[in-house]
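Visitor: A structural model of the following input is requested.
(one chain, ligands or ions: 1)
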Amino acid sequence: MEVMDNMNQHFNELRGIVGDSYISTRVPLKQYTSFRIGGPADIIVFPPNIELLKKVVSYLSQNQVTRLLIGNGTNLLVSDQGFRGVVVHTGKNLKTIQVQEDEKCIYAQCGALLSAIAAAALKNNLGGFEFASGIPGTLGGALFMNAGAYGSTMSDVAVSTTALDAQCNEVTVNGADHDFGYRSSCFRKNNLFILESKLQLYSCDYDTIKEKMRDLNMKRKSSQPLEYPSAGSVFKRPVGYFAGKLIEDSGLKGCKKGGACVSEKHAGFIINSGDATAQDVDELINHIISEVYNRFSVKLEPEIIRIGEF
Ligand SMILES: Cc1cc2nc3c(=O)[nH]c(=O)nc-3n(C[C@H](O)[C@H](O)[C@H](O)COP(=O)(O)OP(=O)(O)OC[C@H]3O[C@@H](n4cnc5c(N)ncnc54)[C@H](O)[C@@H]3O)c2cc1C
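Guide: Next comes the predicted model:
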């Protein structure tokens with residue numbers, strides 16, 4: 001009861017900061033995840049600009065409110081019970097992208113989609129971002145995860161990023177201080193809220209960039225079950241192996257728990273074949289981990305991030 005009273009108070013305070021149109025309560029998070037899975041969040045806020053985003057984050061920190069950041073929700077498994085706290089969603093409004101032709105770089109806000117940044121790079125004859133054009137996340141989510149594909153990662157392009165630290169101070173992270181590793185970054189290690197970033201690209205011929213994007217996206221389409229809701233590759237790549245191959249060689253393609261199913265097209269993906277719950281996906285993940293371990297003595301580790309209670 002006290003928790004809900006607190007939530008009502010937080011709702012009113014946050015509504016005062018962002019305005020009626022940018023806040024909701026008890027919204028099912030399945031609307032904001034690529035898995036199309038997830039129960040309700042107590043409160044969800046869509047800050048309309050960076051200044052109000054800072055005020056929201058500052059309010060949440062000062063009042064020690066549990067918070068969750070969502071960019072485009074493409075790497076998340078949200079519990080069927082949802083999330084007790086405040087979701088800050090960046091992917092709707094914080095999407096400004098600016099191309100600096102003389103510096104051959106792009107400045108983008110955290111909620112900008114990688115596909116939109118790739119389109120801006122192409123339009124301005126800037127190469128180096130083709131690898132990310134088919135990753136369905138936002139810039140914030142991609143920097144947090146150090147997302148990557150086809151031999152490149154965000155670490156290859158991010159040169160300078162502004163973020164909020166735990167005390168809500170604005171910090172600028174440059175070069176090696178991003179501390180990028182495999183699916184990790186200083187933002188993940190230190191719980192920083194990414195605001196915007198500068199991406200260094202290079203001059204390149206329009207047709208060359210376009211051709212490369214087309215090739216990579218065709219590869220993606222032919223090898224990944226993009227026609228179903230999913231959260232991409234479920235597991236990290238174990239050193240010396242490929243998760244998908246280990247799962248396939250364990251005979252798990254097509255294996256189902258409720259509505260969750262190991263993709264027939266790419267065994268590294270779990271798809272929502274209709275009405276999967278988070279519990280179905282969680283059970284399937286645990287089953288895969290134990291089957292692969294029994295067969296190959298390799299312990300798979302999830303790449304997707306579980307949110308809420310399981
Ligand atoms: C079909 C499909 C294909 C995919 N292919 C790839 C691929 O090739 N390579 C790859 O690496 N990934 C891939 N993914 C996974 C996913 O798209 C990436 O991890 C992406 O970077 C996540 O971005 P997002 O905005 O959706 O983040 P979300 O899923 O919303 O969040 C992921 C994490 O980032 C945090 N976060 C989000 N925004 C911020 C911010 N502004 N500041 C701090 N933290 C933040 C969240 O709190 C969360 O912990 C794929 C997913 C799908 C569904």
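
Visitor: if I look at residue 168, how far off is residue 67?
Guide: Per C-beta to C-beta, to the nearest Å, residue 168 is found 12 Å from residue 67. Placement of C-beta: from N, CA and C, glycine included.

Visitor: shared neighbours of those two, anything?
Guide: Jointly contacting residue 168 and residue 67 under the rule C-beta atoms under 8 Å, 6 or more residues apart in numbering are residue 57.

Visitor: the two: which is more packed in?
Guide: residue 67 (18 against 15; other C-beta atoms under 10 Å).

Visitor: share the number of residues neighbouring residue 175, please.
Guide: 8.

Visitor: test my guess that it contacts residue 159.
Guide: Yes. If you go by C-beta atoms under 8 Å, residue 175 and residue 159 touch, sitting 6.4 Å apart.

Visitor: and the contacts of stretch 247-257?
Guide: 235, 261-264, 267-268, 273, 280-281, 283-284, 287-288, 291-292, 295-296, 300.

Visitor: measure how buried the spatially closest residue to residue 63 that is not a sequence neighbour is and give me the count.
Guide: Using C-beta to C-beta, 6 or more residues apart in numbering and skipping the chain neighbours, the partner closest in space to residue 63 is residue 10 (6.9 Å). Neighbourhood size, residue 10 [other C-beta under 10 Å]: 20.

Visitor: could you dump the host helix or strand of residue 10 to PDB, C-alpha only?
Guide: Taking DSSP states H and E as the definition, residue 10 sits inside helix 2-18. What follows is helix 2-18, C-alpha atoms only, in PDB (Å, rounded to 0.1, in the frame of the first residue of the first chain):
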ATOM      1  CA  GLU A   2       2.800   2.400   1.000                       C
ATOM      2  CA  VAL A   3       4.700   1.500  -2.200                       C
ATOM      3  CA  MET A   4       1.600   2.400  -4.300                       C
ATOM      4  CA  ASP A   5       1.200   5.700  -2.400                       C
ATOM      5  CA  ASN A   6       4.800   6.500  -3.100                       C
ATOM      6  CA  MET A   7       4.300   5.600  -6.800                       C
ATOM      7  CA  ASN A   8       1.300   7.900  -6.900                       C
ATOM      8  CA  GLN A   9       3.500  10.700  -5.500                       C
ATOM      9  CA  HIS A  10       6.300   9.900  -8.000                       C
ATOM     10  CA  PHE A  11       3.700   9.900 -10.800                       C
ATOM     11  CA  ASN A  12       2.500  13.400  -9.900                       C
ATOM     12  CA  GLU A  13       6.000  14.800  -9.400                       C
ATOM     13  CA  LEU A  14       7.200  13.300 -12.700                       C
ATOM     14  CA  ARG A  15       4.100  14.500 -14.500                       C
ATOM     15  CA  GLY A  16       4.900  17.900 -13.200                       C
ATOM     16  CA  ILE A  17       8.400  17.600 -14.800                       C
ATOM     17  CA  VAL A  18       7.500  16.200 -18.300                       C
END
